[in-house]
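**Q** show me how the following folds:
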Amino acid sequence: MIVFEEALKRMLNSGITLGTELCFYHHTVGRVLAKDVLSDINMPPFNRSAMDGYACRRADLEKELEVIEIIPAGVFPSKKVGEKQCAKIMTGAPVPKGADTVIMVEHCKEISESKIVYDGKKTKSNIALMAEDVKVGDVVLSKGTLIKPKHIAILASVGAVEVEVFKKPRVAVVSTGDELVEPSQIPLPSQIRNSNAYQMIAQTKELGIDAQYMGVAKDTKESTREMLLKAIEQADVIIMSGAVSMGDFDFVPIVLREHGIDILFHGVETKPGKKTVFGVSEEKWFIGVPGNPVSSFVQFEMLVKPLIYNLMGAEYKTQLYRLPLAQDYKRKRAGRKAFEPIVITEDGSVKKTEYHGSAHIHALSYAQGLMIIEAHIVELKKGDLVDVRPI
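**A** Sure thing, here's the model as predicted:
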């Protein structure tokens, strides 16, 4: 049994990246950059007007100005602005030579078709200078960046049409247990529907990976071994749900050891998910999570997800918010780090949901996060700050 922080450390230290591949930029959301992306242009590429108005010399603001041309966006100026002159200009258009200021059209008065006067007071230059955002050769996105929609425009703007990204690990999900039936079936009195596998497949899909569902292993060593070997052929990361404890039919740790898989830990001081097991062998990663659905959900979010991101080349850090408790908190005993489902109230405080333990799958229905209670804490008061991990 090891503490959560040590378990996470061992998992991340076991990871390697699985090579790289080229990907078209508009298909890169959820992928991780394998090399820096450099700009091939200055941005802005020229002195650009930040608004609709008139480009002129600041020294002439109090003078009557002659309009010498109109400059729409996408058209380069043909004339230089001289003394007592200006050019009507649109947002995004190149600023003509000689001009050092763009005055807002709303602050100008037309005297005739070709004459204006500025009737405003102080004004900024309203010019975005060439290369003030990015210079040629600047790094615009760094290796290890997890691509999100906000990054797509950056890739497009610098012509990064094909992007080198790390390969995604192949993931397989295996359930165990004679009591499991598929969701489409009506369970007999001794059976339950298999919810864990589909929950973890969905969690994997959120990472941009389509996990392979291998089916349900029966509660025998032979069936567990057969399913494990089948998964090894098809995946890099194998997640097994159930049969990880010390019961008569908990064969996952036994089968892993018999196949030479190096067990890095079996047991984490967390609640839920105490009996989680993790092993590695020849660039294969094996995670066994408890069969109760809240346990499997929590362990995937807190341990499996960082591992998968690590294999994809990303330095994933769990997002935490420090929020006040809406009510007093108390538990029977300390000893394990606890992750408990919560909702966030209108005033931004944290309130526990009704939660009966790791089998209470419906406790997650409306939960907005997991409240993290450190192992030594038994009691907290209303208003005390706790770490909350969104879900």
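**Q** quick check: phi and psi at the residue nearest to K135 when sequence neighbours are not counted.
**A** Using CB to CB, 6 or more residues apart in numbering and skipping the chain neighbours, the partner closest in space to K135 is N42 (5.8 Å). Placement of C-beta: from N, CA and C, glycine included. Dihedral pair for N42: phi -80, psi 150, per degrees, to the nearest 10.
**Q** N42 reaches A128, doesn't it?
**A** No: the pair N42 and A128 does not pass the contact test of CB atoms under 8 Å, sitting 11.3 Å apart.
**Q** who does the helix or strand of the chain with the lowest mean pLDDT touch, helix- and strand-wise?
**A** One helix or strand of the chain scores below all others by mean pLDDT, DSSP states H and E: helix 252-258, with a mean of 89. Here helix 252-258 touches helix 221-234, strand 262-266, strand 277-280, strand 285-289, going by 3 or more CB pairs under 8 Å, 6 or more residues apart in numbering; DSSP states H and E.
**Q** kindly calculate the angle that the first one makes with strand 285-289.
**A** It stands for helix 221-234. Going by axes from the mean of the first three to the mean of the last three CA atoms, to 10 degrees, helix 221-234 is angled at 140 degrees with respect to strand 285-289.
**Q** report the next helix or strand after helix 221-234 in sequence order.
**A** strand 237-241 (DSSP states H and E).
**Q** touching that next one from outside, list them.
**A** For strand 237-241, the external contacting residues (CB atoms under 8 Å, 6 or more residues apart in numbering) are 169-176, 196-197, 200, 211, 217, 228, 231-232, 252, 284-291, 296, 300, 304, 307-308, 311.
**Q** with stretch 346-359 instead?
**A** Stretch 346-359 is touched from outside by 271-273, 290, 292-295, 323-327, 329, 340-345, 363, 366-367, 369, 371, 386, 388, with contacts defined as CB under 8 Å, 6+ apart.
**Q** tell me which of the residues you listed fall in strands.
**A** Under the assignment DSSP state E, the contacts of stretch 346-359 contribute 271, 323-324, 329, 340-344, 369, 371, 386, 388 to strands.
**Q** quick one: low-confidence ranges for this structure?
**A** The chain contains residues with pLDDT under 70 at 243, 245-249.
**Q** residue farthest from the centroid of it?
**A** Most distant from the centre of the chain: S112, at 56.4 Å, with distances by CA atoms, centre = their mean.
**Q** G357 versus that one, what's the distance?
**A** Here the criterion is CB to CB, to the nearest Å. By it, S112 lies 82 Å from G357.
**Q** same question for G19.
**A** 42 Å.
**Q** more neighbours: those two, which one.
**A** G357 (11 against 8; other CB atoms under 10 Å).
**Q** the more buried one in helix, strand or coil?
**A** Following DSSP: H, G, I helix; E, B strand; the rest coil, G357 is assigned to coil.
**Q** what backbone torsions are found at it?
**A** Dihedral angles phi and psi of G357 (degrees, to the nearest 10) take the values phi 120, psi -180.
**Q** what about it, distance to E226?
**A** Note on G357: its distance to E226, by CB to CB, is 32 Å.
**Q** just the buried residues of the contacts of stretch 346-359.
**A** Using 16 or more other CB atoms under 10 Å as the burial test, these include 271-273, 290, 292-295, 323, 325-326, 329, 340-342, 344, 363, 367, 369, 371, 386, 388 as buried.
**Q** hey, where'd the helices end up in this protein?
**A** Per DSSP state H, the chain carries helices over the ranges 4-13, 149-157, 196-205, 221-234, 252-258, 293-299, 305-311.
**Q** among these, which comes closest to Q85?
**A** Among the helices of the chain, helix 149-157 comes nearest to Q85, with 33.1 Å by CB to CB.
**Q** which residues sit against that closest one?
**A** Y25, H26, T28, V29, V37, M43, V140, L141, T145, I147, V161, V163.
**Q** for the least confident helix or strand of the chain, C-alpha coordinates in CSV please.
**A** The C-alpha trace of helix 252-258 is given here as CSV (Å, rounded to 0.1, in the frame of the first residue of the first chain):
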residue,chain,number,x,y,z
VAL,A,252,-6.0,-10.0,-12.1
PRO,A,253,-2.9,-9.5,-9.9
ILE,A,254,-2.1,-13.2,-10.1
VAL,A,255,-2.3,-13.4,-13.8
LEU,A,256,-0.3,-10.2,-14.3
ARG,A,257,2.5,-11.6,-12.2
GLU,A,258,2.4,-15.0,-13.9
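**Q** just give me how far that helix sits from the chain centre.
**A** Offset of helix 252-258 from its chain centre (CA atoms, centre = their mean, to the nearest Å): 33 Å.
**Q** check stretch 67-84 too.
**A** Centre-to-centre, stretch 67-84 and its host chain are 45 Å apart (CA atoms, centre = their mean).
**Q** quick one: end-to-end distance for that stretch.
**A** 9 Å (CA to CA, to the nearest Å).
**Q** buried set for that stretch?
**A** Applying a neighbour-count criterion of 16+ other CB under 10 Å, the buried positions in stretch 67-84 are V67, I68, E69, I71, P77, V81.
**Q** do the same with stretch 85-100
**A** Buried residues in stretch 85-100, counted by 16+ other CB under 10 Å: Q85, C86, A87, K88, I89, M90, A93, P94, V95, P96, G98, A99.
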